[in-house]
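Participant: Show me how the following folds:
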Amino acid sequence: MLLINITSVLISSILGMYQIKIKRIIAYSSINNTSLFLLVFSFNISDGIIDMFVGLILYLLNMFCLLLSLLMFRELGTNILVDNIEILISYRYLYPARVLIFSVCFLSLGSLPPLIGFVSKVVLFKAMFDYSFGIVAFCIILMSVINL
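Facilitator: Here you go, the predicted model:
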């Protein structure tokens, strides 16, 4: 189980790095975070399971904000579809506040330090270090840096 989760984190980090389509980036991020949650769950320690649920709630909150920010681009009467990063860049002058909100949510998905996605991963890494899985946590931290 440990090897499968580490492999999933590695593959999703590498494949997610070269994507410009928002759906694929979200999918690879979900695979990455799900692997982290399952890794902490596989330790089978009650505090680690609680930490996993805290991280899961924070991640779901982040995904909810990201999806709401995507829905903000759809106005009444128009069907603006933001499906890749290049389209989002072209809207930065038309809808600066919406692009800013989406960008903050999107960077949180990548676990940029002051945002909620970072807190989610810190909770999971804390659980790994607390239960003597420091080497595994260090390897996953290195793979997570690839995502940024």
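
Participant: Tell me where this protein has helices.
Facilitator: Listed in chain order, the helices of the chain (DSSP state H) span 2-17, 22-42, 46-71, 85-90, 96-109, 116-130, 134-147.

Participant: who touches the residue nearest to the spatial centre of the chain in this structure?
Facilitator: With distances taken as CA atoms, centre = their mean, the residue of the chain nearest its centroid is Leu109 (3.5 Å). Taking CB atoms under 8 Å, 6 or more residues apart in numbering as the criterion, Leu109 is in contact with 25-26, 29, 62-63, 66, 117. C-beta here means a position set from N, CA and C on the backbone, and glycine is covered the same way.

Participant: how far away is the closest residue to Val99 other than its chain neighbours from Glu86?
Facilitator: Excluding its sequence neighbours, the residue lying closest to Val99 (CB to CB, 6 or more residues apart in numbering) is Arg92, at 4.7 Å. Distance, Arg92 to Glu86, by CB to CB, to the nearest Å: 11 Å.

Participant: show me what contacts the nearest residue to Tyr59 once chain neighbours are set aside?
Facilitator: The shortest distance from Tyr59 to any non-neighbouring residue, by CB to CB, 6+ apart, is to Ser120 (4.9 Å). By CB under 8 Å, 6+ apart, the residues touching Ser120 are 33, 55, 58-59, 62, 111.

Participant: Also Leu66?
Facilitator: Neighbour list for Leu66: 26, 102, 105-106, 108-109 [criterion: CB under 8 Å, 6+ apart].

Participant: Nearest to Phe43 among the contacts of Ser120?
Facilitator: Ranked by distance to Phe43 (CB to CB), the contacts of Ser120 are led by Gly55 at 13.1 Å.

Participant: Surely that closest one is in contact with Phe125?
Facilitator: No: Gly55 is not in contact with Phe125 according to CB atoms under 8 Å; the separation is 9.4 Å.

Participant: related to what we said a few turns ago, next, give phi and psi for the residue nearest to Val99.
Facilitator: Per-residue torsions, Arg92: phi -70, psi -20 (degrees, to the nearest 10).

Participant: To what extent is it buried, counted in neighbours?
Facilitator: Using other CB atoms under 10 Å, Arg92 is surrounded by 12 other residues.

Participant: try Ile141
Facilitator: Neighbours around Ile141, by other CB under 10 Å: 12.

Participant: ok, now which ones touch it?
Facilitator: Ile141 makes contact with Phe125 under the criterion CB under 8 Å, 6+ apart.
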